[in-house]
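Student: here is a sequence with its predicted model. Questions after.
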Amino acid sequence: MARPAPPFWLTGPSRFATLPRSRARWALLLLIGMVAAALTALATPDPAGPPDSLPPSVRQNELWLYGSIVDSMRAGGDYYSVAESALRAGDYPLRPFTAFRLPTLAAMEALLPYQAIIGLLWALGLTVALVWHIRLRSALSSSAARICAIILLAGGIVACVQPALILFHEVWAALLIALSMGLWRPGRWFDAAAVGLCAMLIRETAALYVLVMAVLAWRSGARRELFGWIGTLAIFAIILTIHAIAVAKVTGPLDAAATGWLATNGVGFFIRALTLSTALHSLPLALAAILIALSLYGWAGWADPLGHRVFATLLAYAAMIALFIQADSFSAALMIAPLSLIGIAFAPDSVRDTVRAWLDIRRVRVQRITR
């Protein structure tokens, strides 16, 4: 087992610092495999990007759909009736019930003026930045490292605080997931679970994050926390059932249904979608892909229970996007964009410690001295 080297940016050794040489070899192969998988993005078609990069017709359709629902609710319309009319007018599928977003975000935006909505979005983004700044102070050893981490956080949040995206459910849910993770501590899960519930009530796919947290609470033996996350999922399931019943009242069996869930666009599609969802879209794709792989490895190397949870969440959404998201969509990647780049700040320690453990060839020599 290699003797840990002094940390580079972290305040303590990375998770890979004390690996035996045989396990370090597997960790290094994992890193190489992650980089190779990320580079498959070079051979993957580009998904639809943020609204400003979409063709006018597509951009208008998306904004028109959500905007018309909010405008009709401001005029006194019932959410399910106006959503049904908007979906039909835009030739969108009405089945299954998940074709209708939960009414939470539309109801909030129907009650508030435009400037107040933007202010609320920016306030949420600043809260996420503050919470993670506090969280990272104990993880990174120098001011330069902390500044780098905050810049990386800003690079992940930048798309989520654009006024053009206030109608998209994913940006609100993404910031709430990031806030939930920043609030989580071993033994202190209630605030994180409450914010996680808020994220699910805006975008249903946030349930994947809550499920990951429940599984990891189970694996760590935190029974009270496990029951807390399960209770959060149970509340969400009840609300989702009520939502499904309400949708059934305005739709019928002959309405258009969505195509199958399975898309299997692969890891390269996930990398492209995440690149478009962060500041990495301004870099060459090959460099952006390598940085995403290094960020994932950095999160895996941070020897803190939170690092394990963020890494598992990123992998879960990567699998969801690679397997189930259609090629004309990028917005699912927004769900993990805020935290997706911070791992780059952990990568120098993680990669160095892995290589150092793999190269460790120290041997213990026993010498017998006789008189």
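Tutor: Good, I have the coordinates.

Student: what's the neighbour count on the nearest residue to Leu31 once chain neighbours are set aside?
Tutor: With CB to CB, 6 or more residues apart in numbering as the measure, Tyr297 is the residue that lies nearest to Leu31, at 5.2 Å, once sequence neighbours are left out. Quick note: C-beta positions are derived from backbone N, CA and C, even for glycine. As a burial measure, Tyr297 scores 24 neighbours (other CB atoms under 10 Å).

Student: what are the buried residues along the helix or strand harbouring Tyr297?
Tutor: Tyr297 is located in helix 285-301, with elements delineated by DSSP states H and E. By neighbour count, and taking 16 or more other CB atoms under 10 Å as the criterion, the buried residues in helix 285-301 are 285, 288-301.

Student: show me what that helix is in contact with.
Tutor: 14-16, 30-31, 34-35, 37-39, 41-42, 152, 271-272, 274-275, 280-281, 283, 307-308, 310-311, 314-315, 340-347, 349-351, 353-354 (CB atoms under 8 Å, 6 or more residues apart in numbering).

Student: repeat that for stretch 350-362.
Tutor: Among residues not part of stretch 350-362, those counted as contacts by CB under 8 Å, 6+ apart are 1-2, 4-5, 8, 13-21, 23-25, 27-28, 31, 294, 297-298, 300-302.

Student: rounded mean pLDDT for that stretch, please.
Tutor: Confidence over stretch 350-362, taken as the mean pLDDT, stands at 85.

Student: cool, and stretch 291-304?
Tutor: Mean predicted confidence for stretch 291-304 is 95.

Student: what is the end-to-end distance of stretch 92-110?
Tutor: As for stretch 92-110, its first-to-last residue distance stands at 22 Å under the measure CA to CA, to the nearest Å.

Student: buried ones in it?
Tutor: Judged by neighbour count (16+ other CB under 10 Å), stretch 92-110 contains these buried residues: 94-95, 98-106, 109-110.

Student: same question for stretch 19-34.
Tutor: Counting neighbours by 16+ other CB under 10 Å, one finds that the buried residues in stretch 19-34 are 19, 24, 27-28, 31, 34.

Student: kindly format the C-alpha coordinates of it as PDB.
Tutor: Output of stretch 19-34 as PDB, limited to C-alpha atoms (Å, rounded to 0.1, in the frame of the first residue of the first chain):
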ATOM      1  CA  LEU A  19      -5.000   2.000  -2.700                       C
ATOM      2  CA  PRO A  20      -3.000  -1.200  -3.000                       C
ATOM      3  CA  ARG A  21      -1.100  -1.500  -6.300                       C
ATOM      4  CA  SER A  22      -3.500  -4.100  -7.800                       C
ATOM      5  CA  ARG A  23      -6.500  -1.900  -7.100                       C
ATOM      6  CA  ALA A  24      -4.800   1.200  -8.300                       C
ATOM      7  CA  ARG A  25      -4.300  -0.500 -11.600                       C
ATOM      8  CA  TRP A  26      -8.000  -1.000 -11.900                       C
ATOM      9  CA  ALA A  27      -8.700   2.600 -10.800                       C
ATOM     10  CA  LEU A  28      -6.300   3.800 -13.500                       C
ATOM     11  CA  LEU A  29      -8.000   1.600 -16.100                       C
ATOM     12  CA  LEU A  30     -11.300   3.100 -15.000                       C
ATOM     13  CA  LEU A  31     -10.000   6.600 -15.600                       C
ATOM     14  CA  ILE A  32      -8.700   5.700 -19.000                       C
ATOM     15  CA  GLY A  33     -12.100   4.000 -19.800                       C
ATOM     16  CA  MET A  34     -14.000   7.100 -18.700                       C
END
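
Student: quick one on the thing from earlier: are any of the contacts of helix 285-301 buried, and which?
Tutor: With neighbours counted using 16+ other CB under 10 Å, these contain these buried positions: 14-16, 31, 34-35, 37-39, 41, 152, 271-272, 274-275, 280-281, 307-308, 310-311, 314, 340-347, 349-351, 353-354.

Student: just those: which are in helices?
Tutor: The helices in this structure, assigned by DSSP state H, contain 31, 34-35, 37-38, 152, 271-272, 274-275, 307-308, 310-311, 314, 347, 349-351, 353-354 from the buried ones among the contacts of helix 285-301.
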